[in-house]
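Colleague: Got a sequence here, can you model it:
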Amino acid sequence: MPSLSSLVAGACLAAAGLAHAQAPQRIVALQPSLTEAVCSLEACDRLVAVDRHSDWPASVAGLPRVGGMADANVEAIVALRPDLVLLGARSRAAERLQALGLRVLVLEARSHADIRRNLERIAQALGRPGAGERLWRGLELRVEEQRRRVPPGWQGRRIYLELHGGKVAASEVSFIGETLARLGLANVVPGHLGAFPRLGPEYALRADPDVLVTTEVGATVPPPQRPGWQALRAVRERRYCTLPPGQFDVVLRAGPRIDEAAAAVVQCLQGLPPP
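Modeller: From the prediction side, this is the model:
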């Protein structure tokens, strides 16, 4: 196995050569939403590695895995000689990768505006300026189409969407909350609490939403089995959805599939008794 010093030397040569290249051809994406963005911009063939959680599209399944947000394998990344590394703002690897001579693009997505901006930044890095903006316009049209599919009576109804086994909720200022708002739903978690506040089960009891959205991930307890939750109208009247892991992953990712996230919520509403 080559030494780290030889890998660093190779990485520096690759970085120097990047100035003469029209666009990066060897890309590492260290976040599922970034992997999805590259592929949605028709550059999946340029990916040489992804993080451990990237699972869409199916074509990335055979790519090397180089860790995640907290434990990116820097040596493995350098060994792949990428000419661009995409990672999120919370990744711990950015400074080290830059110090080793790699081109790094750090992207953060807390809102729809961030997602839109990131798609175009990635498109420009790929040598395809304007492609990100076109992709975003298509997403907006498809989200609007999902809004028209919301069943009558649900517009303006109050929703509570929880994450991480019910310990965290998506507020109205999160990118998830923005998607819910575009569907015409009212979020019971206000923005002043933060984008993804930690809330106890008593919060939902006080808020008494019209619909609950949760997931089957991990040890999540179904709403009817939670202490006190039989008092919730949404539970008594069976107006809650438990999304399967794959579908819930789409809801959680701030990337180019927010239209699919919207569709998952609409499908949930379509299967519930009318309010």
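
Colleague: could you pull out the helices for the stretch 51-200 of the chain?
Modeller: For the stretch 51-200 of the chain, applying DSSP state H, counting those that start in this stretch gives helices covering 74-79, 94-99, 112-125, 131-148, 175-182.

Colleague: Could I get those in JSON lines, plus columns for distance to Q225?
Modeller: In this view, the C-beta of every residue, glycine as well, is placed from N, C-alpha and C. Output for those, formatted as JSON lines (distance: least, C-beta to C-beta, whole Å):
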{"stretch": "helix 74-79", "distance to Q225": "42"}
{"stretch": "helix 94-99", "distance to Q225": "42"}
{"stretch": "helix 112-125", "distance to Q225": "34"}
{"stretch": "helix 131-148", "distance to Q225": "30"}
{"stretch": "helix 175-182", "distance to Q225": "24"}
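
Colleague: Out of the ones you listed, the one nearest R206 is which?
Modeller: Among those, the nearest to R206 by C-beta to C-beta is helix 175-182 (18.5 Å).

Colleague: which other helices and strands contact the closest one?
Modeller: Packing partners of helix 175-182 (3 or more C-beta pairs under 8 Å, 6 or more residues apart in numbering; DSSP states H and E): helix 112-125, helix 131-148, strand 158-163, strand 186-187, helix 258-270.

Colleague: thinking again about what came up before, is it possible to export the helices of the stretch 51-200 of the chain to a markdown table including mean neighbour count and distance to P209?
Modeller: What follows is those, written out as a markdown table (neighbours: other C-beta atoms under 10 Å; distance: least, C-beta to C-beta, whole Å):
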| stretch | mean neighbour count | distance to P209 |
| --- | --- | --- |
| helix 74-79 | 20 | 43 |
| helix 94-99 | 15 | 38 |
| helix 112-125 | 19 | 22 |
| helix 131-148 | 16 | 19 |
| helix 175-182 | 21 | 11 |
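
Colleague: Put together CSV for these, with mean pLDDT and distance to C241 on each row.
Modeller: Converted to CSV, those look like this (pLDDT from 0 to 100; distance: least, C-beta to C-beta, whole Å):
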stretch, mean pLDDT, distance to C241
helix 74-79, 97, 38
helix 94-99, 95, 37
helix 112-125, 98, 22
helix 131-148, 98, 15
helix 175-182, 98, 13
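
Colleague: Quick check: which of those is nearest to P190?
Modeller: The nearest among the helices of the stretch 51-200 of the chain, by C-beta to C-beta, is helix 175-182 at 9.7 Å.

Colleague: how big is the angle separating that closest one from helix 131-148?
Modeller: Helix 175-182 runs at 50 degrees relative to helix 131-148, counting by axes from the mean of the first three to the mean of the last three C-alpha atoms, to 10 degrees.

Colleague: per-residue pLDDT, T220?
Modeller: Confidence at T220, expressed as pLDDT, is 73.

Colleague: Where do the domain boundaries of the protein fall?
Modeller: Domain ranges of the chain: 4-108, 151-270, per automatic domain parsing.

Colleague: about what we covered before: I'd like the helices and strands packed on helix 175-182 as CSV, with distance to I176 appended.
Modeller: Converted to CSV, these look like this (distance: least, C-beta to C-beta, whole Å):
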stretch, distance to I176
helix 112-125, 10
helix 131-148, 12
strand 158-163, 6
strand 186-187, 9
helix 258-270, 7
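
Colleague: Just give me the residue closest to the centre of this protein.
Modeller: A centroid search over the chain (C-alpha atoms, centre = their mean) returns R253, at 1.2 Å, as the residue closest to the centre.

Colleague: I figured A234 hits T214, correct?
Modeller: No. The criterion here is C-beta atoms under 8 Å, and A234 misses it with T214 at 10.8 Å.

Colleague: joint contacts of the two?
Modeller: Counting by C-beta atoms under 8 Å, 6 or more residues apart in numbering, the residues touching both A234 and T214 are 223, 240.

Colleague: List the residue ranges of the stretch 101-250 of the chain that fall below the pLDDT cut-off.
Modeller: Counting by pLDDT under 70, the stretch 101-250 of the chain has low-confidence residues at 217-219.

Colleague: Now with 90, please.
Modeller: Under the criterion pLDDT under 90, the flagged ranges of the stretch 101-250 of the chain are 164-167, 200-201, 215-223, 226-227, 245.

Colleague: which non-adjacent residue is nearest A264?
Modeller: Q247 (4.9 Å; C-beta to C-beta, 6 or more residues apart in numbering).
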